[in-house]
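A.B. asks: Next one to model:
(one chain, ligands or ions: 1)
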Amino acid sequence: MPGTTLRSPFSIGMIVDYRGQNYELIDVRPYVRRRDGRDSLVLIWRSRCLDCGAVFDIRRTTTKIETIIAALS
Ligand SMILES: [Zn+2]
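C.D. replies: This next block holds a predicted model:
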């Protein structure tokens, strides 16, 4: 994606394992923060429900994985 830089160590296609569940980073999109109008990024992660296997995506503007996953619960 031109003009979009993802902060290390994140890269599209990376898979993180958090408490036995895999999350794949499938996309990153430009995002303008409402708070101050500055350019930011939204990260889109994909995973599967551990109970039924349904695919779901989560979108978070932070790159801190613990925060991203914690926001699920
Ligand atoms: Zn489910």
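A.B. asks: Could you list the low-pLDDT ranges of the chain?
C.D. replies: The chain contains residues with pLDDT under 70 at 1-9, 62-73.
A.B. asks: what's the strand ranked longest in it packed up against?
C.D. replies: Taking DSSP state E as the criterion, the chain has its longest strand at strand 21-32. On a contact count with 3 or more CB pairs under 8 Å, 6 or more residues apart in numbering; DSSP states H and E, strand 21-32 meets strand 15-18, strand 39-48, helix 65-70. Glycine gets a C-beta too; all of them are placed from N, C-alpha and C.
A.B. asks: can you give me the offset of that strand from its chain's centre?
C.D. replies: On the basis of CA atoms, centre = their mean, to the nearest Å, strand 21-32 sits 3 Å off its chain's mean C-alpha point.
A.B. asks: Please shift the residue numbers so they start at 55 in all later answers.
C.D. replies: Sure thing, new numbering starts at 55, so read that last one as strand 75-86.
A.B. asks: Next, the buried residues of that strand.
C.D. replies: 77, 79, 82 (16 or more other CB atoms under 10 Å).
A.B. asks: With distance to residue 107 added, can I get those in a markdown table?
C.D. replies: A markdown table is the format used below for these (distance: CB to CB, whole Å):
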| residue | distance to residue 107 |
| --- | --- |
| 77 | 15 |
| 79 | 20 |
| 82 | 25 |
